[in-house]
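Trainee: no FASTA, just this:
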């Protein structure tokens, strides 16, 4: 056995938590696994923010050194992807936030804590939920951004398990 | 519709890759196998007795004898099961085990998880005769290829 992990997304003012999501589709609506055809992002605007977390369960002793970055894929003109980690959940907004651009190297990757603010997720410890802190993501474009789908991108999450 | 960005995680509810290597810990008094009598011991049990730990083994679950690493925590070296112990080993102080699995999960924005690599990190850190902290770590992939650090 080893740990099992799943992705979780939080939405709405009352924080609707959806574990086991299959994608993080950005769009013009605050919902998980949204249909991008139904909720497209209009050129020159921003997507709703995405609040996602990893959740670890099953058998492990400790998860540590959790980092996140964009490891491949060029942005097109006017396109930005912003990210922040370990932030408090607030109602997702489509107003451009002030977060920094998502890091693009392992050396500058964002370091995730546990949801409880610890450096590690310790199995079975009192008060430990198994969630990481939030990763807040938002994508924006400008009127100079080419229409259509952007370039393929790769996002990487790395963590140590014992 | 002008722009679409989606990250398909494709890993929700999927278990992490199953274990390729199992560990075995030799203490001053007793041994713990990771899997024993149908039960899995958590590594926490090793951490709880870390001061008694003398040898730590990492071996292939299918019994491939050429992939069986042993960390000697009394003298401070790593060997394979079939290799001879070095005739001389530089004295070391405060020898401590290093062991974890490093996962790297790559996600794309078009439909699938495109990679999930796992490297076992196995070794020890110690203080040399000048008191400097040093470490020796093998990075071992799922098929037993290994390198010393990088």
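Mentor: Cool, got the structure. Here the structure is a predicted model, which is why all the values come from computation and not from measurement.

Trainee: quick check: bridge partners of residue B:119?
Mentor: Listed beta-bridge partners, residue B:119: residue B:102 (assigned using DSSP bridges).

Trainee: ok, it - contacts?
Mentor: By C-beta atoms under 8 Å, 6 or more residues apart in numbering or on different chains, the contact set of residue B:119 is B:101-102, B:104, B:139-141. All C-beta atoms are positioned from the backbone trio N, CA, C, and that covers glycine.

Trainee: if we use 7 Å, what do you get?
Mentor: For residue B:119, the contacting residues are B:102, B:139-141, by C-beta atoms under 7 Å, 6 or more residues apart in numbering or on different chains.

Trainee: quick one: which of the residues you listed is nearest chain A?
Mentor: residue B:102 (5.2 Å; C-beta to the nearest C-beta).

Trainee: please name every helix or strand in contact with the lowest-mean-pLDDT helix or strand in chain A.
Mentor: One helix or strand of chain A scores below all others by mean pLDDT, DSSP states H and E: strand A:23-25, with a mean of 86. Packed against strand A:23-25 by the contact rule (3 or more C-beta pairs under 7 Å, 6 or more residues apart in numbering or on different chains; DSSP states H and E) you find strand B:6-8.

Trainee: tell me the mean pLDDT for the strand it packs on?
Mentor: In this model, strand B:6-8 carries a mean pLDDT of 57.

Trainee: can you list the low-confidence ranges for the chain?
Mentor: With no chain named, the answer covers chain A. For chain A, the stretches flagged by pLDDT under 70 are A:1.

Trainee: wait, chain B
Mentor: The model of chain B has pLDDT under 70 over residues B:1-17, B:65, B:109-113, B:150.

Trainee: where do the helices sit along chain B?
Mentor: Counting by DSSP state H, chain B has helices at residues B:44-48.

Trainee: before we move on, the earlier item: tell me which residues in the helix or strand following the least confident helix or strand of chain A are buried?
Mentor: Downstream of strand A:23-25, the first helix or strand assigned by DSSP states H and E is strand A:50-58. The neighbour-count check on strand A:50-58 (16 or more other C-beta atoms under 10 Å in any protein chain shown) flags A:50-57 as buried.

Trainee: give the partner strands of the least confident helix or strand of chain A in its sheet and their orientations.
Mentor: Take DSSP bridges as the rule and strand A:23-25 pairs in its sheet with strand B:6-8 (antiparallel).

Trainee: what residues of the lengthiest strand in chain A count as buried?
Mentor: Using DSSP state E, we find that the single longest strand of chain A is strand A:62-72. Residues of strand A:62-72 classed as buried: A:62-63, A:66-71 (neighbour count, 16+ other C-beta under 10 Å).

Trainee: good, wrapping up.
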